[in-house]
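Visitor: generate a structure from the sequence data that follows.
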Amino acid sequence: ALPDAAAAFGAAMVFVNLGRPVEEGPPRRVLVDWGRDAPLIAPAIDKVLGYSCRQAPYLHWWEFIGAYFCIGRGLFSEVVALRDKRARGARLDAAERAFCAEHPDWVAPPGAAPSAEEEAFFAQLGV
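Guide: Have a look, this model is predicted:
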């Protein structure tokens, strides 16, 4: 591992966090899996931006994440809301239960464990 890999990783995390320091704290409930949810996230981002984020020749991370924070009502936000309700043990209404039954792969909670590839990447960084 490189001697300053941990510092580089820390700087990258600050960048991803929109320039704000990353705060330590209790683990939060995982409701989004960026890889698995990409087909739901991209159209929601497109709606906010007014153009296809996948077709843009360049899209700065902060512009992308700003659009992500502005996602309003739609399929992605409904899926995340259902995951949250199920994780909290909240009661679902009939329409929500029907949606979950029709789309079990969409509303299944994201896996919390990192993949072997992610584990190897972080091990190389020494974190």
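Visitor: next helix or strand past the helix or strand hosting Pro39?
Guide: When secondary structure is defined by DSSP states H and E, Pro39 falls within helix 38-49. Next in sequence after helix 38-49, counting helices and strands by DSSP H and E, comes helix 61-69.
Visitor: helices or strands up against the helix ranked longest in the chain?
Guide: Taking DSSP state H as the assignment, the helix of the chain that covers the most residues is helix 75-88. Contacts of helix 75-88 with other secondary structure elements, assessed using 3 or more CB pairs under 8 Å, 6 or more residues apart in numbering; DSSP states H and E, are made with helix 38-49, helix 94-102, helix 104-107. C-beta coordinates here come from the backbone N, C-alpha and C atoms, glycine included.
Visitor: would CSV of these with distance to Gly72, mean neighbour count and mean pLDDT be doable?
Guide: Supplementary listing: the helices and strands packed on helix 75-88 in CSV, determined by distance: least, CB to CB, whole Å; neighbours: other CB atoms under 10 Å; pLDDT from 0 to 100:
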stretch, distance to Gly72, mean neighbour count, mean pLDDT
helix 38-49, 8, 17, 96
helix 94-102, 18, 12, 95
helix 104-107, 18, 13, 90
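Visitor: how about the ones you listed in TSV, adding distance to Ala67?
Guide: Formatted as TSV, the helices and strands packed on helix 75-88 follow (distance: least, CB to CB, whole Å):
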stretch	distance to Ala67
helix 38-49	4
helix 94-102	25
helix 104-107	21
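Visitor: returning to what we had before: return the set of buried residues in the longest helix of the chain.
Guide: The neighbour-count check on helix 75-88 (16 or more other CB atoms under 10 Å) flags Phe76, Glu78, Val79, Val80, Leu82, Arg83, Lys85, Arg86 as buried.
Visitor: okay, now the unreliable bits of the protein?
Guide: Screening the chain residue by residue with the criterion pLDDT under 70, one finds the ranges 1-3, 112-115, 118-119, 121-127.
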